Structures are given as structure tokens and as C-alpha cells.
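Enquirer: predicted model and sequence below, questions to follow.
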Amino acid sequence: MTAPVVVWLRRDLRLADQPALSVAASEGPVIPVFVLDDEIPGDRKLGGASRWWLHHSLEALARSLGRHRSKLILRRGDSVAELVKLAKETGAKAVHAIAHHEPWWREAEEALARKLDLHIHDGNYLLPPGAVTTGSGSPYKIYTPFAKVAIQRLPERDPLDEPALTSPATWPKSDELADWNLLPTRPDWAAGLRKDWVCGEAAAHDTLDEFLHIAPDYERDRNLPSIAGTSRLSPHLHWGEISPTQVWHALAGKRGEGVSTFRGELLWRDYAQTVIWQFPDYAKASYRHDFRHLKWRRSKEDLAAWQQGRTGYPLVDAGMRQLWTTGWMHNRVRMIAASFLIKHLLIDWREGERWFWDTLVDADYANNAVNWQWVAGSGVDANLFTRIMAPLTQSPKFDAAGYIREWVPELADLSDADIHDPPDEQRGGYPAKIIGHREARERALGAYRAMKTTI
Ligand code: FAD
């Protein structure tokens with residue numbers, strides 16, 4: 001019998017349009033393996049919401065593999081050591097994997113390639129980082145020119161079908177998923193996640209199908225948190241339950257501004273990978289060195305008020321409570337909540353990045369760090385620090401009354417006119433503003449000016 005081939009799965013938990021799996025299947029019996037890697041650097045260990053999603057996604061993948069009379073092998077430990085062990089146990093001749101660009105995965109891929117016959121395939125992005133270059137051959141640092149060039153090359157290929165899989169003569173032993181304790185128990189904070197999400201490849205395609213009906217209105221609706229105007233594909237894309245190439249193809253034949261704007265958002269995802277591929281430590285420090293001199297405030301109380309949705313700014317609090325309850329927050333509100341932490345509270349963007357890392361079901365090293373640095377103004381392509389979002393103006397502008405009623409129920413009886421900035425006598429038990437907008441703005445601009453004079 002031909003020697004088996006290992007497929008190393010990470011954030012690519014699907015069977016269709018999975019180039020590593022398709023190539024491996026053409027070479028011999030396939031052993032799909034997921035290693036829960038405890039050696040990932042401390043601050044990048046999976047957050048709580050990610051662990052919840054991962055559990056259910058692995059469960060769904062194991063079921064799909066079962067339908068092909070295949071199996072998902074689970075191992076725990078250092079990825080490289082576990083894969084070397086598995087190859088030895090099974091006599092596997094090669095390992096196939098989809099490229100991952102987070103710095104710890106790049107290191108692991110390099111280390112594994114020194115020990116085993118490792119084949120890395122592209123497949124989690126529309127184009128691999130570095131594929132789109134300027135006239136002088138260097139990768140783009142700024143989104144707009146990057147997207148202009150990238151879009152002309154898309155789509156580069158058609159999505160692949162699920163491959164037929166053959167099994168090895170004997171299956172290696174596997175951990176039990178339940179023993180990994182990925183789900184919270186004491187306390188079980190995941191009720192809101194269970195209510196909102198179905199994980200796995202089939203659910204990702206259902207979500208895409210639903211979005212296709214509303215895609216033409218995406219341009220109009222995507223900024224309105226009170227309605228479901230966006231795809232909610234982010235955790236499915238993050239975990240690779242669906243590929244961006246599949247999403248791109250599903251939009252073929254659909255016209256209109258909404259569709260092209262949505263494609264632009266998918267390209268932000270590719271762009272973020274290009275950034276961390278060029279600057280692997282992007283989440284560790286401000287890209288712009290002047291920002292490393294900004295005097296951030298350290299206030300545990302203010303940070304906790306932001307995390308728990310108690311700032312007294314209804315739209316910010318609604319967003320933070322949606323995040324805590326469901327593991328997701330609307331993009332417009334993410335921008336407002338992030339800006340509030342950085343500018344109104346003058347707290348280091350890295351505190352917010354870490355909180356999102358722990359609480360988002362779509363927590364993604366590249367998308368998270370790139371967006372936080374964009375809002376802070378400290379990134380390679382960034383908004384101006386001095387452009388300070390006013391939550392009390394943004395809230396009526398984006399018609400957020402319904403959203404606030406859902407997530408800040410103590411304000412539910414207020415009128416549309418009052419709910420964005422409740423008058424003192426109507427606040428009831430809802431907290432007073434943690435800081436006034438004008439005062440916060442002056443403090444932030446003062447800190448910015450001081451930073452500029454110290455460098
Ligand atoms: P849609 O509007 O339907 O967009 C489709 C897809 O495009 C998304 O699923 C996502 O994969 C991609 N996309 C959309 N907007 C962006 C963007 N600004 N940057 C990169 N990709 C984008 N997104 C994450 O996936 N993970 C994160 O950890 C993350 N952290 C963020 C932190 C901050 C401070 C901000 C402002 C944004 C962050 N985003 C992150 C980007 C964005 O908010 C989410 O991708 C989006 O809200 C997901 O909802 P959706 O799937 O309905 O998006």
C-alpha cells in the first residue's frame with residue numbers, strides 16, 4: 001500500500017477548496033491532523049471565544065470527514081514535534097499544509113520543513129502576500145493602491161471541489177476533543193455564542209447563501225448596526241471553513257456598488273495579511289515610531305468600564321456588550337468603540353487589541369492588529385489620530401437606536417431622539433458619561449501634541 005500523506009490543518013477547517021487536502025488526496029491515503037499547539041507565544045494563545053469556536057468547528061469537520069470514511073486526528077503539544085512524531089508512527093512520506101502568515105506559524109513551517117518533506121500551498125487568501133507588487137517589485141504598504149492592482153488579477157482560479165479521500169491501512173491514535181476543555185464550564189459564558197452561531201463548513205455556506213440575497217444592498221446597509229446588513233462571514237473566513245475564493249466566485253454575475261464594496265472588504269483581509277507578512281510584530285508595538293512616545297493613561301477602572309460596556313456612551317456600551325455576549329461586534333461599532341478607548345480614554349490600543357483577541361470569535365492576528373493601528377493612527381496605513389470619532393454624533397447618523405435598545409436594555413424605553421445621549425433625568429441606573437466628549441478630545445489632542453514635541 002502507498003505510504004500515507006499527512007494534511008496539517010490549522011485555520012483551514014474545510015474540505016472543499018482546500019488545496020493541501022486536494023493535492024494530498026491525489027498522492028495517497030490521507031491522515032488529516034489538527035494539533036492544539038500549547039507552545040504558541042503566551043499572548044497569542046487562543047482566546048476564550050476562539051477556543052469555543054474551534055471546538056465546534058473541529059466537531060463539524062470530524063463529521064464531514066466521517067462521511068468520506070476518513071477521520072480527524074487530534075494531537076496536543078508543539079506542532080513541529082507532534083507532526084514529526086506522527087510521521088514516524090505512520091510512515092507518512094510527506095506533509096501538506098496551507099500557508100499561514102502569523103509569525104509563530106511561519107517559524108513552525110520553517111522548522112518543520114527542516115525535518116519533514118513539507119509542501120505549503122496557498123489557499124486561505126485571494127492572493128498570497130507578496131504576490132501583488134509595486135512597479136519596483138516591492139509589496140504594497142497602503143491599501144488603496146494594493147487593492148487597485150489586486151482586483152485586476154481576481155479571480156485567479158476556480159474553487160476546488162471536495163476531493164475523494166482514501167484511508168490509511170491503520171489510523172494513528174487521536175486525542176478526544178472533549179478532553180481538550182475548549183468549552184467554558186465554570187462559568188459557562190457561551191450561551192450568547194450558542195444562540196448566534198453555527199460553526200463549520202456547511203454553516204459557512206448557509207451564511208454565504210443568506211448574504212447573497214442582501215449583497216446588492218451592502219453599500220447602503222453595511223454601516224447600520226441596527227440591521228443585518230453585512231455577511232457575518234468573518235469567523236467562518238478566519239477559521240477557513242470557507243475560502244475567500246469561494247466567496248468571490250459566489251458573487252459572480254451579481255452587480256452593483258454593494259458587491260464591489262464587499263469585494264473591497266474581502267481585499268482588506270488580504271491586505272492585512274500583506275502587512276503582517278511584511279511586519280510580523282505588528283501587534284506588539286506601534287508601527288509609527290513617534291507613537292511609541294505617546295503618554296498613554298493607565299487606568300484599570302476605565303479599561304474595565306470600556307470592557308464591560310459601562311462608559312455612559314450608549315453606542316460604545318452597546319457594542320462592547322454585543323461583543324461580550326455574542327463574540328462579534330458590528331464593524332462600524334468596532335471602529336467607534338476602538339476610537340473611544342484610544343482617544344476618549346487615552347488607553348494604549350494594545351489593551352483593546354488584546355481584549356478583542358480574547359473575546360471575538362473572529363479574532364485574527366492580522367485583521368485585529370491592522371484595524372487597531374488604523375484607528376489609532378499609528379499604523380502603516382492609518383486614519384489620522386486627530387480625527388476623533390464622536391460617538392454621540394455617530395449614533396443618530398448611523399441610526400443606532402434599535403441596536404442600543406437591544407444591547408442596553410435599561411435605555412429601551414427612551415425615544416429615538418433621547419436614546420443616543422440620554423438626558424440625566426432619564427438615565428435611571430445607566431452610568432453617567434465616564435468623560436465629556438469635549439474634555440476627552442482636548443486631552444487626546446494634548447497628548448498628541450506632547451508626543452510630537454518630544455520626538
Ligand atoms: P463584512 O462587512 O460582511 O465583510 C466581509 C469580510 O471581509 C469579513 O468577514 C472580513 O473577513 C473581511 N473584512 C471586512 N472588513 C474588514 C476590515 N476592516 N479588515 C479586514 N478584513 C475585513 N475582522 C476580523 O476578521 N478579525 C478581527 O480580529 C478584527 N478585528 C477588528 C478590530 C477593529 C478595531 C476593527 C475596527 C475591525 C476589526 N475587524 C476584524 C474587521 C471587521 O470589523 C470585521 O471583519 C467585520 O466586522 C466582520 O463582519 P462581517 O463578516 O459581517 O463583515
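Expert: That came in fine, so what should we check first? What you see is a predicted model; the values in this text were computed from it and never measured. Residues are numbered from 1 along each chain as shown.
Enquirer: could you pull out the buried residues of the helix or strand containing Leu323?
Expert: In the assignment (DSSP states H and E), Leu323 maps to helix 314-326. Of the residues in helix 314-326, 314-326 count as buried by neighbour count, 16 or more other C-beta atoms under 10 Å. Using the backbone N, CA and C atoms, a C-beta is placed for each residue, glycine as well.
Enquirer: same check on stretch 279-298?
Expert: Neighbour-count burial for stretch 279-298, counted by 16+ other C-beta under 10 Å, picks out 279-280, 282-283, 286-288, 291, 294.
Enquirer: alpha carbons of the helix ranked longest in the chain, as CSV, please.
Expert: For the chain, the longest helix by residue count, based on DSSP state H, is helix 257-278. The C-alpha coordinates for helix 257-278 follow below in CSV (Å, rounded to 0.1, in the frame of the first residue of the first chain):
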residue,chain,number,x,y,z
GLU,A,257,-22.0,49.1,-5.8
GLY,A,258,-22.8,46.8,-2.9
VAL,A,259,-21.0,43.9,-4.5
SER,A,260,-17.9,45.9,-5.4
THR,A,261,-17.7,47.4,-1.9
PHE,A,262,-18.0,44.0,-0.4
ARG,A,263,-15.2,42.7,-2.6
GLY,A,264,-13.1,45.7,-1.3
GLU,A,265,-13.7,44.5,2.3
LEU,A,266,-12.5,41.0,1.3
LEU,A,267,-9.4,42.7,-0.1
TRP,A,268,-8.9,44.4,3.3
ARG,A,269,-8.5,40.9,4.7
ASP,A,270,-5.8,40.1,2.1
TYR,A,271,-4.2,43.5,2.7
ALA,A,272,-3.9,42.8,6.4
GLN,A,273,-2.1,39.6,5.7
THR,A,274,0.3,41.5,3.5
VAL,A,275,1.0,43.9,6.4
ILE,A,276,1.8,41.2,9.0
TRP,A,277,3.8,39.3,6.4
GLN,A,278,6.0,42.4,6.0
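Enquirer: OK, contacts around Phe34?
Expert: 9-10, 13, 58, 61, 72-75 (C-beta atoms under 8 Å, 6 or more residues apart in numbering).
Enquirer: parallel or antiparallel, which strands does the longest strand belonging to the chain pair with?
Expert: Counting by DSSP state E, the longest strand found in the chain is strand 30-36. Taking DSSP bridges as the criterion, strand 30-36 forms sheet pairs with strand 5-9 (parallel), strand 73-76 (parallel).
Enquirer: pick the most buried one from those strands.
Expert: For the strands paired with strand 30-36, average neighbour numbers computed from mean count of other C-beta atoms under 10 Å are highest in strand 5-9, which has a mean of 26.
Enquirer: tell me the mean pLDDT for that strand?
Expert: For strand 5-9, mean pLDDT is 98.
Enquirer: which residue comes closest to Leu36 once chain neighbours are left out?
Expert: Distance criterion C-beta to C-beta, 6 or more residues apart in numbering; nearest residue to Leu36, sequence neighbours excluded, is Arg76 at 4.5 Å.
Enquirer: measure that neighbour to Arg269 for me?
Expert: Noted for Arg76: a distance of 29 Å to Arg269, by C-beta to C-beta, to the nearest Å.
Enquirer: can you tell me which residues in this structure are near the ligand?
Expert: 222, 230-234, 237-238, 265-266, 268-269, 272, 331, 334-335, 338, 356, 360, 362-364, 367-368, 371-372, 375 (C-beta under 6 Å from any ligand atom).
Enquirer: what about the strands in the stretch 251-400 of the chain?
Expert: In the stretch 251-400 of the chain, no segments count as strands under DSSP state E, counting those that start in this stretch.
Enquirer: pull the helix or strand hosting Thr144 out as PDB, backbone CA atoms only.
Expert: Here Thr144, judged by DSSP H and E, is contained in helix 143-152. Output in PDB follows, covering the C-alpha atoms of helix 143-152 (Å, rounded to 0.1, in the frame of the first residue of the first chain):
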ATOM      1  CA  TYR A 143      -4.400  49.600   1.000                       C
ATOM      2  CA  THR A 144      -5.800  51.600  -1.900                       C
ATOM      3  CA  PRO A 145      -3.000  51.000  -4.500                       C
ATOM      4  CA  PHE A 146      -2.800  47.400  -3.300                       C
ATOM      5  CA  ALA A 147      -6.500  46.800  -3.900                       C
ATOM      6  CA  LYS A 148      -6.400  48.600  -7.300                       C
ATOM      7  CA  VAL A 149      -3.800  46.200  -8.600                       C
ATOM      8  CA  ALA A 150      -5.100  43.100  -6.800                       C
ATOM      9  CA  ILE A 151      -8.600  43.400  -8.200                       C
ATOM     10  CA  GLN A 152      -7.300  43.300 -11.700                       C
END
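Enquirer: what is that helix packed up against?
Expert: helix 257-278 (3 or more C-beta pairs under 8 Å, 6 or more residues apart in numbering; DSSP states H and E).
Enquirer: buried set for the helix it packs on?
Expert: 258-259, 262-263, 266-278.
Enquirer: please apply the same query to stretch 111-131.
Expert: Buried positions in stretch 111-131, judged by neighbour count with 16+ other C-beta under 10 Å: 111-112, 116, 118-129, 131.
Enquirer: one more: stretch 196-209?
Expert: 197, 199-201, 203-205, 207-208.
Enquirer: list just the nearest of these to the ligand.
Expert: Ranked by distance to the ligand (C-beta to the nearest ligand atom), those are led by Thr207 at 8.7 Å.
Enquirer: that older thread, off-centre distance for the helix holding Leu323?
Expert: Distance of helix 314-326 from the chain centroid (C-alpha atoms, centre = their mean, to the nearest Å) equals 17 Å.
Enquirer: and the contacts of that helix?
Expert: So helix 314-326 is contacted by 192-193, 195-197, 225, 306-311, 328-330, 333-334, 336-337, 340, 356, 359-361, 391, 394-395, 400, 403-404, 406-408, 411, 419-422, 430 (C-beta under 8 Å, 6+ apart).
Enquirer: quick check: closest non-adjacent residue to Lys85.
Expert: Leaving aside its sequence neighbours, Lys85 sits nearest to Arg75 (C-beta to C-beta, 6+ apart; 7.9 Å).
Enquirer: doesn't Ala87 make contact with the one you found?
Expert: No: at 11.7 Å, Arg75 does not count as touching Ala87 under the criterion of C-beta atoms under 8 Å.
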